[in-house]
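J.: Sharing a model prediction with you, sequence too.
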Amino acid sequence: MEIHAFWLAQLFLFVLWVNGLMTLGLTGAQQQVMVCNESLMLEKLPTCGKSFEEMMKKVDSKKWCNLTEFITYYANFSLCTEREATNARCFWPNPLAQGFITGIHKQFFSNCTSEEVHWEDPPDEILVTLILIPVLLMFAMITIVVWCSKRSDILV
Ligand SMILES: *[C@@H]1O[C@H](CO)[C@@H](O)[C@H](O)[C@H]1NC(C)=O
Ligand SMILES: *[C@@H]1O[C@H](CO)[C@@H](O)[C@H](O)[C@H]1NC(C)=O
Ligand SMILES: *[C@@H]1O[C@H](CO)[C@@H](O)[C@H](O)[C@H]1NC(C)=O
Ligand SMILES: *[C@@H]1O[C@H](CO)[C@@H](O)[C@H](O)[C@H]1NC(C)=O
């Protein structure tokens, strides 16, 4: 019982310590998750949709299902949403932005058959990588901080 309490206290201290590191601004990505301004993001995303719409108007609507015709516009649109989400300090991708993008897909690609355009979720490996990278970065930063503080202990 007491041993459990001891480990819980250790865990609590560790969490406090990690939070302390974050508020010091050592892990920008993690901070972004915490202060995501969803209303700001939802306000800005339609701008990306508008410019995508403008660009798609240049493409013959009969070719809207041909990915090679508009892949550069789509990449532009994708980058734009990512930029706006990051500006609003939101993690990318996130469910709200995903919902917006799905709406855009419906607007332009609802008549395409799945053989022509594949909009399935990225394979699991990619999702796992996207999730793991920030986590690994955080641990790498913590390790560096610990290592540096140990080194300065030795040097001082
Ligand atoms: C979020 O963005 C809106 C503008 O859309 C702004 O008025 C508001 O102050 C922001 N909130 C925070 C917490 O930064
Ligand atoms: C899609 O567009 C590309 C480039 O214009 C063209 O080469 C290709 O044949 C088109 N594919 C289909 C299925 O229409
Ligand atoms: C990408 O979008 C921006 C506006 O968001 C536009 O100025 C630029 O020309 C676009 N680039 C391409 C390659 O379409
Ligand atoms: C899809 O087809 C319907 C009916 O043919 C049409 O009204 C609608 O404008 C089409 N949508 C797109 C995005 O092409």
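T.: Yes, it's here. Numbering: from 1, shown residues only. Ligands and ions are numbered 1, 2, ... in the order given.
J.: Output the lowest mean pLDDT helix or strand found in this structure.
T.: helix 28-34 (a mean of 48; mean pLDDT, DSSP states H and E).
J.: Ligand 4 contacts on the protein?
T.: 61, 108, 110-111 (CB under 6 Å from any ligand atom). (Each C-beta comes from the backbone N, C-alpha and C, glycine too.)
J.: follow-up on the earlier one: helix or strand right after the least confident helix or strand of the chain?
T.: helix 38-57 (DSSP states H and E).
J.: ends of stretch 60-76, how far apart?
T.: 18 Å (CA to CA, to the nearest Å).
J.: Show me what that stretch is in contact with.
T.: Residues outside stretch 60-76 that contact it (CB atoms under 8 Å, 6 or more residues apart in numbering) are 51-52, 55-56, 59, 108-109, 111-113, 116-117.
J.: mind giving me a markdown table with the residues you listed and columns for neighbour count?
T.: Listed next are the contacts of stretch 60-76 as a markdown table, based on neighbours: other CB atoms under 10 Å:
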| residue | neighbour count |
| --- | --- |
| 51 | 14 |
| 52 | 22 |
| 55 | 15 |
| 56 | 19 |
| 59 | 14 |
| 108 | 18 |
| 109 | 17 |
| 111 | 9 |
| 112 | 16 |
| 113 | 8 |
| 116 | 12 |
| 117 | 15 |
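J.: Do the one helix or strand residue 81 maps to and ligand 1 come into contact?
T.: Following DSSP H and E, one finds residue 81 within helix 67-87. No. Helix 67-87 lies apart from ligand 1 when judged by CB under 6 Å from any ligand atom; the minimum separation is 10.2 Å.
J.: Pick out the most distant pair among the contacts of stretch 60-76.
T.: Using CB to CB, the pair of those lying farthest apart is 51 and 113, separated by 26.8 Å.
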